[in-house]
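Trainee: Fold the following, please.
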Amino acid sequence: MKINGALSAILSASLLCVGMAHGQQNLPEKEKPFILDPNRPFVYLKFDHFGPGEPWGDDEPPFRIWFRFVNNCNVPVEIRTFGGPGDMLGVMDDLVAEREGGIVVTSGDFIEQDRAMLTQLLPELPTPGGPAVPQSEKADSPAQQSSQKMKKPPKQPWGYDSDVSSVMDIPPGKDALFSLPANHVGEKWHFEIPFKFKTPATHCCRAEEVGGEPLMRLTYGIWDLPPAIEEEIKKLEHSPQTGDGK
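Mentor: Numbering: from 1, shown residues only. This is a model prediction of the structure:
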């Protein structure tokens, strides 16, 4: 009887341990925070390096900037990509002019068009302290014309866009290495990369009254670069060999 009692106690204890272990397995996991690294945004670009690179278009300088698109949240994100020369990865981006005082600063060509239009509307512009002088009588010296030409602001290039592209998934905590031409950042414009969350595929059709989806943009400007690289980009932007500041 004593042996049977001991066996019963051991069996009961074993079943209790198994039950507790099973119960712990069924406990809900601790909810993960949305942002993995609380010291960083939920997505961001990490500067990798700057250096010579093969131009992918006629309006690109022979220098590129390499970035890592970091997903710092617990939800996968998607970006649009395309293949560059060799095995290099390109990312779709939009170039956006900076605003000064609520006015969009356009490229040099548009500024010249605006000035020409204003001259047609106002053929005679008043000069401070004197009568109006017709534009035809205002002739700049060759030195002034050369100086004005040298001060022409760099022309804003086009961003990357293509009819043929792929969707890249970036899992939580991972990143994607890509490069952009050095002139996609400038003193008068910045670039923006569209991205969105990757949602689970559904097995049902969309309801007729439901539509639209969120689309986010990661903004990056010349001020986001390391200071030494920022100065290099500014020099490159105004270089007669690589920029339009000539």
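Trainee: Okay, now stretch 88-98: how far is its last residue from its first?
Mentor: Start and end residues of stretch 88-98 are separated by 29 Å (C-alpha to C-alpha, to the nearest Å).
Trainee: make that stretch 56-75, sorry
Mentor: One end of stretch 56-75 to the other measures 32 Å (C-alpha to C-alpha).
Trainee: Going by residue numbers, what spans are strands in this protein?
Mentor: Here the chain has its strands, by DSSP state E, at 43-52, 63-71, 77-83, 89-91, 94-97, 99-100, 103-104, 124-125, 133-134, 166-170, 175-181, 189-197, 216-220.
Trainee: low-scoring stretches of the chain, by residue?
Mentor: Scanning the chain for pLDDT under 70 picks out the ranges 1-30, 100-153, 203, 240-246.
Trainee: ok, which stretches of it are helices?
Mentor: Using DSSP state H, the helices assigned to the chain run over residues 2-25, 108-121, 142-150, 227-237.
Trainee: just to revisit the earlier point, which among the strands of the chain is found nearest to Y160?
Mentor: Y160 lies closest, by C-beta to C-beta, to one member of these: strand 89-91, at 5.7 Å. Every C-beta, even on glycine, is put in place using the N, C-alpha and C of the backbone.
Trainee: I65 and D161, how far apart?
Mentor: Counting by C-beta to C-beta, to the nearest Å, the gap from I65 to D161 is 19 Å.
Trainee: Compare those two (neighbour count), which wins?
Mentor: I65 (24 against 11; other C-beta atoms under 10 Å).
Trainee: Which positions are bridged to the more buried one in the beta structure?
Mentor: I65 has these beta-bridge partners by DSSP bridges: F50, L180.
Trainee: right, and it touches L177 too?
Mentor: No - at 11.6 Å, I65 does not count as touching L177 under the criterion of C-beta atoms under 8 Å.
Trainee: and the strands of the chain as TSV, adding distance to V210?
Mentor: Below are the strands of the chain laid out as TSV (distance: least, C-beta to C-beta, whole Å):
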stretch	distance to V210
strand 43-52	26
strand 63-71	27
strand 77-83	20
strand 89-91	30
strand 94-97	27
strand 99-100	35
strand 103-104	35
strand 124-125	57
strand 133-134	63
strand 166-170	22
strand 175-181	30
strand 189-197	16
strand 216-220	20
